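>>> Take a look and give me a structure for this.
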Amino acid sequence: MRFNRRARLDTSSIRDRRGMGGGRGVAVGGGLGGLVLLVVALLTGVDPGDLAGVAQQPGSGPGGGQLEQCRTGEDIERNAECRFVAMENSIQDFWDATFAQAGARYSEATFTTFDGGVQTGCGSASSQVGPFYCPPDRGVYLDLDFFDTLRTQLGAKGGDFAEAYVIAHEYGHHVQNLTGQMDRVRSRQGANSDAVALELQADCYAGVWAHSATQPRNGAEPVITEITQEDITEAIDAAETVGDDYIQERMRGTVTPETWTHGSSEQRRTWFQRGMRSGDPGDCDTFSRN
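Here you go, the predicted structure:
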């Protein structure tokens, strides 16, 4: 995966709150370990406050971290973390253009990085929740250490494009929020549940973005200039690694589809690839599963 050194990076939606503290995080009971807590809400896009019954006010102002200092693609060579700004820019630029083509207006989500815990419009969240999207404040939240956890505890290969897939998935939830798809969720567990359909659609939307990630938009050069087959393989591996069946088998040796909230490894791979092949959000109707 290569980035355009000449691309201008926009940090207006970036909130780097690492090192600023964020409270105690969500209070998930039951004495569960860190990995269990992480996979409970892994890539869910549901309100983390629902897990804890909390409702704190988010800190809505900009942060003061390193990501806000990223200005161009060339900065990625000096500070590798600037790649997350480039990914965010690419994803939001894509959806802005896609909405405009449909005669609609795209409203940007904020992208907040944190460590330990963070206050959101959905409540107080711990890093153990994993990446998530909060509908009330229209924000994507991510502890960057999550990617180390994905490799070391869940066995993913990792890689820049695998990281981009995770972030694009969360922005898929933002698109669902803007288009009303989240309102379709009634059943929250099971292989055929609405919750699984929501997650698979976000995977498909991530693929739709990936399909056009290297294409120029609005007369501007793309932020991402190259995506290799190896990159795609890493993203598919990440999608499979967060499949419910894979996680259940790895953690306790049994698979229970009736408790699924995200879909199997095969489903997640299939819908990501479907979006990437077509590049059309209209092909992401996971609620019909055709």
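>>> What ranges does the protein have for its helices?
34-40, 49-52, 75-78, 82-101, 146-152, 160-179, 194-212, 229-241, 244-252, 265-278 (DSSP state H).
>>> closest to residue 109 out of those helices?
For these, proximity to residue 109 was assessed by CB to CB; helix 160-179 is nearest, at 4.3 Å. Every residue, glycine included, has its C-beta placed from N, CA and C.
>>> Does anything pack onto that closest one? Which helices or strands?
The contact analysis (3 or more CB pairs under 8 Å, 6 or more residues apart in numbering; DSSP states H and E) places helix 160-179 against helix 82-101, strand 132-134, strand 139-142, helix 146-152, helix 194-212, helix 229-241.
>>> Show me what the second one is packed up against.
In terms of contacts (3+ CB pairs under 8 Å, 6+ apart), strand 132-134 is packed against strand 139-142, helix 160-179.
>>> Dump the ones you listed into CSV; add distance to residue 106 and mean pLDDT as well.
Below are the helices and strands packed on strand 132-134 laid out as CSV (distance: least, CB to CB, whole Å; pLDDT from 0 to 100):
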stretch, distance to residue 106, mean pLDDT
strand 139-142, 14, 97
helix 160-179, 7, 98
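>>> is it possible to export the ones you listed to a markdown table including distance to residue 237 and mean neighbour count?
Below are the helices and strands packed on strand 132-134 laid out as a markdown table (distance: least, CB to CB, whole Å; neighbours: other CB atoms under 10 Å):
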| stretch | distance to residue 237 | mean neighbour count |
| --- | --- | --- |
| strand 139-142 | 19 | 24 |
| helix 160-179 | 7 | 24 |
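>>> Next, name the residue at the spatial heart of this protein.
residue 170 (2.8 Å; CA atoms, centre = their mean).
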